[in-house]
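K.L.:
coords please:
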Amino acid sequence: MFNRILCPIDFDGNSLAALRMARRIAEQNQARLYVLHVVPSGDPTVVSAPMIAEQKGKHARAELLRVSQSELLGVDHETLLRFGHPAKEIIAGEAATNADLVVMATHGRTGISHLVLGSVAEKVVRESSCPVLTVRMKATHQSTGEELKQPAVSKSV
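P.N.:
From the prediction side, this is the model:
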């Protein structure tokens, strides 16, 4: 049974699919859902970096409110905004909320883009102190080209 579920989102389709999954799990377990958005911090030595972060934070607050009103009505939830490196802030958010489950999207990058960008989900899975459920929406079915509606899900315990 899960009591506190953390769902980091970046507002793309994959993260909204993860949010919908987290909502269902929260409803089934009568759990509190924490929806976290991390604004990646830029180079602090750049003079405009704090202003850019504040603008992104303002936009993120508005998006969190929109998502809360459209996706989370009737669910016990709280929205959180953090600034910094996404994987580190998700792990910090997990500790701060005392989450017993993390539900998050993975973009499924491979090859050079995975090597260059790394994987936030992979880092969270490695460093998390609780189970992590990863969700990735597949845009099209390889053989038919038809759009798939169900998320692909993997679990880490």
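
K.L.:
now the strands: where do they sit in this protein?
P.N.:
Taking DSSP state E, the strands of the chain run over residues 4-8, 32-40, 77-84, 101-105, 132-137, 151-156.

K.L.:
Across the sheet, point out what pairs with Ile5.
P.N.:
Leu33, Leu101 (DSSP bridges).

K.L.:
can you tell me how far it sits from Ala26?
P.N.:
Distance, Ile5 to Ala26, by C-beta to C-beta, to the nearest Å: 5 Å. (Each C-beta comes from the backbone N, C-alpha and C, glycine too.)

K.L.:
so what sits against both of these two?
P.N.:
32-33 (C-beta atoms under 8 Å, 6 or more residues apart in numbering).

K.L.:
Would you map the helices across this structure?
P.N.:
Taking DSSP state H as the test, the helices found in the chain are 13-29, 49-71, 86-97, 111-117, 120-127.

K.L.:
picking up where we left off before, export the strands of the chain as JSON lines, with columns for mean neighbour count and distance to Leu65.
P.N.:
Formatted as JSON lines, the strands of the chain follow (neighbours: other C-beta atoms under 10 Å; distance: least, C-beta to C-beta, whole Å):
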{"stretch": "strand 4-8", "mean neighbour count": "26", "distance to Leu65": "16"}
{"stretch": "strand 32-40", "mean neighbour count": "22", "distance to Leu65": "11"}
{"stretch": "strand 77-84", "mean neighbour count": "17", "distance to Leu65": "7"}
{"stretch": "strand 101-105", "mean neighbour count": "27", "distance to Leu65": "20"}
{"stretch": "strand 132-137", "mean neighbour count": "22", "distance to Leu65": "23"}
{"stretch": "strand 151-156", "mean neighbour count": "13", "distance to Leu65": "24"}
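
K.L.:
Contacts only, for Phe11.
P.N.:
Phe11 is in contact with 37, 63, 67, counting by C-beta under 8 Å, 6+ apart.
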